[in-house]
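*Asks:* predicted coordinates and the sequence they were generated for:
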Amino acid sequence: MNTKKTSLYQLHQDCKAKFVEFAGYQMPIQYSEGIVEEHKFTRNHSGIFDVSHMGQLFIYGGEDLINDLEKIFPLDLKKFKIKSLKI
């Protein structure tokens, strides 16, 4: 089974991250400068936690589903690619 890569994989790789497989994804766990320097950088600047591997949401509904969901999500869902599943 091939492990998946998150949308930030290349950025992590460019930053010389050490990767491990986690939940089916290649995830960074440490960078070349070490965890102490990573901590200092994040405290003094900023950091990003890549959550793109953490889950998927499957929602089923009728014709008004997108309009109903836009009432609770601050997104223009009409721009998303909708994958139709036959169950």
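*Replies:* Received the coordinates, thanks.
*Asks:* can you list the low-confidence ranges for the chain?
*Replies:* Along the chain, the parts satisfying pLDDT under 70 run over 1, 52-53, 82-87.
*Asks:* how near is the closest residue to C15 other than its chain neighbours to A23?
*Replies:* Counting by C-beta to C-beta, 6 or more residues apart in numbering, Y31 is the residue found nearest to C15 once chain neighbours are left out, at 5.6 Å. C-betas here are computed from N, CA, C, even on glycine. Remark: distance between Y31 and A23 (C-beta to C-beta, to the nearest Å) = 20 Å.
*Asks:* and for D64?
*Replies:* 34 Å.
*Asks:* more neighbours: Y31 and A23, which one.
*Replies:* Between Y31 and A23, counted using other C-beta atoms under 10 Å, Y31 has the larger neighbour count: 15 against 10.
*Asks:* phi and psi next, for that one.
*Replies:* For Y31, the backbone dihedrals (degrees, to the nearest 10) come out as phi -110, psi 170.
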